[in-house]
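Student: Sharing a model that was predicted from the sequence below.
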Amino acid sequence: MADIFISYARADKARVARLVATLQANGWTVWWDAEVSPGKEFDDVIAAALERAKAVLVVWTPTSVASRWVRGEARIGADRGILVPVRFDDAQLPIDARAIHTIDLDDWDYDAHSPALQSVCQSIAALLSGAAPAASTQSAPELRPADKPSLAVMPFVNLSGDPQQDYFADGMMEEIVTALSRVRSIFVIASGSTLCFKGKAISAQAVGRQLGVRYLLEGSVRRSGDRVRIALKLVDATDGSQIWAERYDGTLEDVFALQDQVSLNVVGVIVPTVQNAEIRRASSRPTQNMGCYDLFLRALALVGAYEKAEAFAALELLDRAIALDPQYAMAMGLAAYTHAQVVVSGWSDDLTHHRRLALDLGRRAVQLADDDAEVLSWVTGAYLPLDENFDDSIVLIDRSLALNPGSSLAWLMSGWLRAAAGDADRAVEHFQMSMRLDPCSSDRGYQLSGIALARFGQGRYVEAAALLRESLQLQPTVSINQALLAACYGHLGNVDAGRAAIAGYEVLSARELDERVTLLRRQEHRKRYLDGIELVRRAG
């Protein structure tokens, strides 16, 4: 096999060909996919070449950065410690590649004596000789940007006894890989790197080591007549333990609709499942010398508690993460949401300061990651209670849903926005979609209170009150639920319960219930809320 594997985008083939010629002039053998012979299995040949290469040269350009194939091959090279990245056209590197020293070739101009090209050749020569290349090491480990969990979707096993059904099993795998690749918080190995394991008996630990991933999604397909059963399980590749398992039944009447449905459900479950597993992993590690991603995970676990002390502890962790990586949009989005949580709950004597930080961090997060569904969701969650940029928030959350329709978080935030806007039926649909995608979500209290807000806007006070009581059982520290519950009781004539709800609000927020109703955009809905509170106070 060749000494050097080159990963690149097809659009850059002419430029890469010149680079290949230069490397070959040094006496090295080079593999790039222009050499795949007709009739050979394309993915298998690439996987074999990548596995046996002594150096992986990835060519970053604005086109290749957008390619999940190139990103996957680069990650494998990095995990094996043989990656030599170069860049053209000042390409914006993927976030998990920014800590690796990348050689800029914009000034190369095909000059064999160019200092930049010489640096590339020195790095490759060091790898081929067995030495560690200086150019591929992290220049500042303490400034390493946010890591992310890595996952490979293994080839699905066809249990139907009919080899002709392989097409469905392979298609199901591809659909799930494509859907998961939309989620920027998880690194997903390209299917070309996993298809080489098809039909082979190999342990999860061995696959994890070879691909450099922490999780494996395994699946099987069994067909009986027109019925099909798809069984899936998520495995921790470090020890082979099973984290999650599910099965889906359907018919082959519409193959593509079934594949879409299963892939959407899988994304909705896999993302929070992996996130929870990562939180447990981060929580077991010592607090010193933590990376950005671990800091984010610990903060995320605290924010969900909706408690004052936990919120400020989370902000401290997020500040540390952003200091380590000023481009870490995910931490900025969560920090914006948490500052907004402080404002709406009245947990500070300087709410103006926290409001300003929430808006500033939200804007910066969107500028850095306007194609990350999770970041956009956190930012819209920050804007809503601050009564800020409502129309922009609708645009952001719609973009988030388009980027990742399997995101339970995006559907949750969209539900809140629709409920606030008075679009009750649509809001309830979005909350129900959030619940279906993540049925065991720790956000169930927010889902229920969101539905309650929508029903309150419709004047369905009995239903809204029941939902709010259930939400408060799950999340008893959310003060705005007490305020809305008091208004429901006012309209229902239950004065004592209304007084208790107002008192509960004032204890939780350490302030009197005022007339700010930022979660209701329509004037008639705000009046309905204020009338309910007034009915309780007059009776008192």
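Tutor: Now that the structure is in, tell me what you want to look at.

Student: Do you know the pLDDT at the nearest residue in space to residue 401 that is not next to it in sequence?
Tutor: Closest residue to residue 401 apart from its sequence neighbours, by CB to CB, 6 or more residues apart in numbering: residue 410 at 5.2 Å. Backbone N, C-alpha and C define where each C-beta goes, glycine included. Listed pLDDT for residue 410 reads 94.

Student: Let me know whether residue 410 touches residue 379 as I believe.
Tutor: No. The pair residue 410 / residue 379 is not scored as a contact, 11.4 Å apart, by CB atoms under 8 Å.

Student: Which residue of the two possesses the greater neighbour count?
Tutor: Counted by other CB atoms under 10 Å, residue 410 and residue 379 do not tie: residue 379 has more neighbours, with 35 against 29.

Student: what residues are up against the more buried one?
Tutor: 333, 336-337, 362, 365-366, 393, 396 (CB atoms under 8 Å, 6 or more residues apart in numbering).

Student: Find the nearest non-adjacent residue to it, please.
Tutor: Distances taken as CB to CB, 6+ apart put residue 362 closest to residue 379, at 4.3 Å, once the chain neighbours are dropped.

Student: Relative to residue 335, how far out is residue 31?
Tutor: 44 Å (CB to CB, to the nearest Å).

Student: neighbour count winner among those two?
Tutor: The neighbour count for residue 31 versus residue 335, taken as other CB under 10 Å, is higher for residue 335 (30 against 21).

Student: which residue is nearest the middle of the protein?
Tutor: Centroid-nearest residue in the chain, with CA atoms, centre = their mean: residue 185, separated by 3.2 Å.

Student: phi, psi of that one?
Tutor: phi -80, psi 0 (degrees, to the nearest 10).

Student: now it: how far from residue 127?
Tutor: Distance from residue 185 to residue 127, counting by CB to CB: 31 Å.

Student: For residue 11, which three-state class applies?
Tutor: helix (DSSP: H, G, I helix; E, B strand; the rest coil).

Student: Run a quick check on it versus residue 63, I expect a contact.
Tutor: Yes. Checked against CB under 8 Å, the pair residue 11 and residue 63 is within contact range at 4.6 Å.

Student: more crowded one of these two?
Tutor: residue 63 (17 against 13).

Student: Tell me the pLDDT of the more buried one.
Tutor: As predicted, residue 63 sits at a pLDDT of 90.

Student: Could I get the phi/psi values of it?
Tutor: Backbone torsions for residue 63, taken as degrees, to the nearest 10, come to phi -80, psi -50.

Student: who touches it in this structure?
Tutor: By CB under 8 Å, 6+ apart, the residues touching residue 63 are 9, 11-12.

Student: Which helix or strand lies directly C-terminal to the helix or strand of the chain with the lowest mean pLDDT?
Tutor: Lowest on mean pLDDT, DSSP states H and E among the helices and strands of the chain sits helix 191-194, with a mean of 71. Scanning forward in sequence from helix 191-194 by DSSP states H and E, the next helix or strand is helix 204-211.

Student: Report the mean per-residue pLDDT for that following helix.
Tutor: 82.

Student: Which secondary structure elements does it sit against?
Tutor: If you count contacts as 3 or more CB pairs under 8 Å, 6 or more residues apart in numbering; DSSP states H and E, helix 204-211 packs onto strand 150-153, helix 191-194, strand 215-224.

Student: List the contacts of the first one.
Tutor: Yep, that's strand 150-153 we're talking about. By CB under 8 Å, 6+ apart, strand 150-153 touches 75, 173, 176-177, 180, 186-189, 191, 193-194, 207-208, 211-217, 219, 270, 274.
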